[in-house]
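Asker: next one to model:
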Amino acid sequence: MSETVFRYTGRQRLVMWGWALLMAAWAGAVTVDAGRDLAEHRIGTAVPVWLVLGLAPTVLFVVLAGMSTGVTRIDAQGLRTRGMTGRRRVAWPDIESVHELPGRGRRGTITQIGVTRTDGTSFLLPIPYTSGVVLEDPDFHDKLELIRREWRRGRST
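Answerer: Numbers count the residues shown, from 1 in each chain. Prediction:
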C-alpha cells in the first residue's frame, strides 16, 4: 500500500483560520487599549485586563493556527500523526482497535477516531474528524473504513 495522507478539509481549515485571525485581532485591540492605559499611568487596570482579555485570545490563536496543520498518515507499516499533542508513530500490530468516538461539542456533535494500543493506552487521531454542519467532513466514514481496512491488513501480516 502506498501512503495515504489525511488533512483537514478546506472548509475546516478556513473556519479554524477565520477563528484564529479573529482571536489575533481581538488580542491586538486589547493590547493597544492596555498600552494606552499604561501610557496614562493606569497600571492597576491595564495589566489584569490585558492578561484576561488579551493573553487568552493569543493562546487560542496559537492553538487554532496549530490545529490546522495536523495530519494523519497511514501506510503498510502503520499510522503516523502530527497535531497539537505532538507526533505519534504506531505499527499496525501494536494497535488493538480503531473505533469511532462520537461526542458532544459546543456546537453539536463531534465524531473522532480513537486508537487503542495493545498495551491499553489510547489516543485520538487529529484527523479525520467531523463536527456539525460547518466542520463536517462528508468523507469521514469512508476514511474511517480505509484506516480500519489497512489496520486489519497490517495486523494479519
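
Asker: poorly predicted segments of the protein, please.
Answerer: Where the chain drops to pLDDT under 70, the residues are 1, 38, 42-55, 58-68, 105-108, 133, 157.

Asker: what are the boundaries of the strands in it?
Answerer: 4-7, 71-74, 78-83, 86-91, 95-105, 108-117, 122-124, 130-131 (DSSP state E).

Asker: right, so of those strands, which gets closest to residue 155?
Answerer: Taking CB to CB, strand 95-105 is the member of the strands of the chain nearest to residue 155, at 7.3 Å. For every residue, glycine as well, the C-beta is placed using N, CA and C.

Asker: could you tell me the angle between the closest one and strand 78-83?
Answerer: For strand 95-105 against strand 78-83, the angle by axes from the mean of the first three to the mean of the last three CA atoms, to 10 degrees is 30 degrees.

Asker: kindly export strand 95-105 (C-alpha atoms) in PDB.
Answerer: The C-alpha atoms that make up strand 95-105 are tabulated as PDB, following Å, rounded to 0.1, in the frame of the first residue of the first chain:
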ATOM      1  CA  ILE A  95      -2.900  -1.400  17.700                       C
ATOM      2  CA  GLU A  96      -5.700  -3.300  19.500                       C
ATOM      3  CA  SER A  97      -8.700  -1.300  18.000                       C
ATOM      4  CA  VAL A  98      -9.600   1.500  15.700                       C
ATOM      5  CA  HIS A  99     -13.000   3.000  16.700                       C
ATOM      6  CA  GLU A 100     -15.400   5.800  16.100                       C
ATOM      7  CA  LEU A 101     -15.900   8.100  19.100                       C
ATOM      8  CA  PRO A 102     -19.000  10.300  18.900                       C
ATOM      9  CA  GLY A 103     -19.300  13.100  21.400                       C
ATOM     10  CA  ARG A 104     -20.800  16.500  22.100                       C
ATOM     11  CA  GLY A 105     -19.000  19.700  21.300                       C
END
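
Asker: circling back to that earlier point, can you redo the strands of the chain as TSV with distance to residue 155?
Answerer: Listed next are the strands of the chain as TSV, based on distance: least, CB to CB, whole Å:
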stretch	distance to residue 155
strand 4-7	17
strand 71-74	13
strand 78-83	10
strand 86-91	10
strand 95-105	7
strand 108-117	12
strand 122-124	17
strand 130-131	26
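
Asker: my read: residue 144 touches residue 127, true?
Answerer: No: applying CB atoms under 8 Å, one finds residue 144 not in contact with residue 127, separated by 11.4 Å.

Asker: so the two - more neighbours on which side?
Answerer: Shown here are residue 144 and residue 127; by other CB atoms under 10 Å, residue 127 has more neighbours (24 against 19).
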